[in-house]
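**Q** model this:
(2 chains)
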Amino acid sequence: MKPNAFNILIAGEAGQGLVTVGHLLAKSLVRTGYFVVVTQDYQSRIRGGHNTFAVRVSPDEIVAPQESVDLLVALNAESVSLHRGQLTPGGLIAVDVAFDVSGDLCLRIPFKELSGRRFANIVALGVVSFLLGLDEELVARTMDEFFGKRDLKIAEQNQEALTKSFQWCEGQRSLIEKLRPVENPPKRLLMNGNEAIALGALSAGLRFYSFYPMTPSTSIALNLASRANEMGLIVEQAEDEIAAINMSIGASFAGSPSMVSTSGGGFALMVEGVSLAAMTETPLVVVVAQRPGPATGLPTRTEQGDLEFVVHAGHGEFPRAILAPGTVEECFHLTRSAFDLAESYQGPVFVLTDQFLADSSRAVAPFEVEHLYTLGAGAELEGISEPYRRHAFTESGVSPRLLPGMSQHLVVTDSDEHTEDGHLTEDLLVRRQMVEKRLRKQKGILEQVIPPESSGDSNPDLLLVSWGSSRGAVYEAASQLTSEGRRVATLHFSQVWPLAPEQFVGLLREAGEVVCVEGNATGQFARLIYRETGFLIEKLVLRYDGLPITPEFILRELNR
Amino acid sequence: MVTLDDYGKYETAWCPGCGNFAILNAVKQALVASGLIPHQVLFVSGIGQAAKAPHYLNANVFNGLHGRSLPVATGAKLANPELTVIVESGDGCNYGEGGNHFLAAIRRNVDVTLLVHNNQVYGLTKGQASPTSDTGFVTKAQPGGVLAEPFNPIAVAVAMHAGFVARSFSGKIDHLADMIQQGIAHRGLSLVDILQPCPSFNKVNTFAWYKQRCYVLPDEHDPTDWESAMKVAREWEDRIPIGMIYRNDRPAFEEQFSVLSDASLVGRQLDKAALAKIMEEFA
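**A** Have a look, this model is predicted:
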């Protein structure tokens, strides 16, 4: 069933303040009780270039972005020609009266008269808010909180521009249907994927975070840096990604739960460190926010092209887990799980996300901080036998991890193959035993694998398989097909490594047609499933143009 | 009282005549003279013959990747500033593979003592040129001799106003122990560049070569005078100064983090109230 949703596209140049308008609009909508899905599309430049900020809004729960546009807010003339084609029948263009635009259903706004050009973005906010039926006072308060009280004069001018645009709208004929009001909405937060990862990490007890700036991961760093003092952690910008990962490993070894985040190219530099964390059995959470490659690729766009890279990253053989959030809530919870797994199995654990989810703000229920379990670092001293051996052989492969300087015991570890007490060795029997000890940890990780979520028809003609950020789009595409009478089910993976075939292979075998939906050009996840289960998914829906997977895209591809 | 015995005695994998033996002894002397108990000390090393040194004494050890000891040491020190953190690795590790980290560590000025075994050659990989090999130095990998200018770590460190810059020689064990002890006592990054022979792969810069050239800086040298330190830093070839070349009292990196003012990061409890407040900002 197609949800009752409305899609607003704000388009213009970088530097026109469209992200501010979009954010304030989304926040006001969430405060009014609506669900939103934000999609940001921007070029890799600070000023100029064509950018868009899309807010899909609905009184009902929505989980995916939408391509077609119901309201286009064009902050420049170019935006009209670029996006006119996306307008739904009856769709409206809101545009400056100064631009020569005609033909479609058009709301021509006298920006200059209402504000002078300087506050054009606030006028746009006012007009859209009015059209959707938002409360002026709520929007004004949201705007005030955002800008703060730094400059009273500007705050006043903002308010004036907002009021004037509301007043101007009242004199216009009604052009679109206002959003259905939500009665007594529960409180929700407006949060994007990167913000949720930062908060999830803080809630798990993150104490040390090192990074080198790289889009689209950087806002994790900015979120953490702004909270570092109040939450008692250190955020350090390293000289390069190699330093970043080694610093975090050093901090984790010394007893601080640690994390790094980056994107493909930066992760390539970190790879030796991944192997180091595995060999020294040091807990480490690595967030990889994907963007299209190879090399610099499309720095500000999205892709799911680094799955195989992250599965295989690091020389040598060692256990790992890779979690792939599909929603903002999962960004929070799976980041917490990553810390738990890293500490439990003493090695690298990955959170694999992408630009779309990183920048996509949604309405989420507040996370219950009070009831979250908290994590520690290292083992209790009690029960440690002497002499202490950091890499003692155990049945689970997990050796009690003491922290250097926190007891009389000496903690020794080495990137070379080492003895149980952590010293370099070339004893080849010990080598074999150590390899086996490390790999035994994979069994524990496997026992904790998050099963894929299946939904929809229990005896489907069509099964859509997906992972990570495409979750919502696949779910909505399946709902649409179901409403058309098709027998459709979905199978979504939030953990992509390791795979536990017994959890899902039956569903694959029993379904009529199986289609894997992925944001890459070669079907990496389908290949992984084939490797691990022998089940070949022949039909693939693949997107690799830098844009997020949408329900419309999936439906188009399925119909080809 | 801590004694040399507390730091143990181990069999090593070094060639006879290697400068590493004397450096290892000097390190132990310095630790004892500093009154440090083994569990208070964390050695971080990279890869190379020098990087094996921490395996031959009793202490906490993180023997990491080639070139990456400084970032690991930085992370460990920030996590737990109560640890005495010492990086011990060679010229290839610190000045070649880890060159960017060397510059960044000087800029940060974390309280880490950086001991660089500098024998001007790669020992572990059997005799290739190192960043400090003199121009013209012939090896199997550089059969026509090294074309590049040697890296001068002392001059670079002084130029960057490093907090503590010293040089010593493995042939002067008491002098070396003294430099290391002072480096440990200094709050901030302390570079001790240690000249040492490699009898197997460096037939030019031999024990006798260094012994003939190294001279202890006279008392008149004022290590707080940057310009004269810069002059001393550029001396090489016929006469090589050893001793305290330059120092200043820049604040240590970790002292500038307010979160470290009352406790280390290790063992901290989650402040749920603060987190709930942050969560509220998204409402």
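**Q** Is stretch A:126-139 in proximity to chain B?
**A** No. In terms of CB under 8 Å from any CB of the partner chain, no part of stretch A:126-139 sits within range of chain B; the closest distance is 12.7 Å. Any C-beta I mention is one placed from the backbone N, CA and C, and that applies to glycine too.
**Q** For that stretch, buried residues please.
**A** When neighbours are counted by 16 or more other CB atoms under 10 Å in any protein chain shown, the buried residues of stretch A:126-139 are found to be A:126-132, A:134, A:136, A:139.
**Q** residues from the stretch 151-283 of chain B in reach of chain A?
**A** Taking CB under 8 Å from any CB, the part of the stretch 151-283 of chain B that reaches chain A is made up of B:257-260, B:265-272, B:274-279, B:282-283.
**Q** residues touching A:Arg486, list them.
**A** Residues touching A:Arg486, when contacts are defined by CB atoms under 8 Å, 6 or more residues apart in numbering or on different chains, comprise A:461-462.
**Q** From A:Leu507, how far off is it?
**A** Relative to A:Leu507, A:Arg486 is positioned 17 Å away (criterion: CB to CB, to the nearest Å).
**Q** Turn the buried residues of stretch A:126-139 into a markdown table, including pLDDT and secondary structure.
**A** Shown next, in a markdown table, are those (pLDDT from 0 to 100; DSSP: H, G, I helix; E, B strand; the rest coil):
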| residue | pLDDT | secondary structure |
| --- | --- | --- |
| A:Gly126 | 96 | helix |
| A:Val127 | 95 | helix |
| A:Val128 | 96 | helix |
| A:Ser129 | 97 | helix |
| A:Phe130 | 96 | helix |
| A:Leu131 | 94 | helix |
| A:Leu132 | 95 | helix |
| A:Leu134 | 96 | coil |
| A:Glu136 | 97 | helix |
| A:Val139 | 97 | helix |
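**Q** Does the residue of the stretch 51-200 of chain B found nearest chain A belong to a helix, a strand or coil?
**A** When you check the stretch 51-200 of chain B against chain A by CB to the nearest CB, the closest residue turns out to be B:Gly75, at 3.0 Å. Classification of B:Gly75 into helix, strand or coil gives helix, according to DSSP: H, G, I helix; E, B strand; the rest coil.
**Q** low-confidence ranges in chain B?
**A** Residues of chain B meeting the criterion pLDDT under 70: none.
**Q** could you show me where the helices are in it, in order?
**A** The residue ranges that make up the helices of chain B, judged by DSSP state H, are B:20-33, B:69-79, B:91, B:99-108, B:153-159, B:173-185, B:207-213, B:226-233, B:272-280.
**Q** deepest of those helices, which one?
**A** Ranked by mean neighbour count under mean count of other CB atoms under 10 Å in any protein chain shown, the helices of chain B are led by helix B:69-79, which reaches a mean of 32.
**Q** now that one, how far from the chain's geometric center?
**A** With CA atoms, centre = their mean, to the nearest Å as the basis, helix B:69-79 stands 13 Å off its chain's centre.
**Q** Send over that helix as PDB, restricted to the C-alpha atoms.
**A** Only the C-alpha atoms of helix B:69-79 are listed here, as PDB (Å, rounded to 0.1, in the frame of the first residue of the first chain):
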ATOM      1  CA  SER B  69      54.600   3.200  17.200                       C
ATOM      2  CA  LEU B  70      54.100   6.900  17.800                       C
ATOM      3  CA  PRO B  71      50.300   6.900  17.100                       C
ATOM      4  CA  VAL B  72      49.900   3.800  19.200                       C
ATOM      5  CA  ALA B  73      51.900   5.400  22.000                       C
ATOM      6  CA  THR B  74      49.800   8.700  21.600                       C
ATOM      7  CA  GLY B  75      46.600   6.800  22.000                       C
ATOM      8  CA  ALA B  76      47.800   4.800  25.000                       C
ATOM      9  CA  LYS B  77      49.200   7.800  26.800                       C
ATOM     10  CA  LEU B  78      46.000   9.800  26.200                       C
ATOM     11  CA  ALA B  79      43.900   6.900  27.500                       C
END
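**Q** That concludes my questions; thank you for your assistance.
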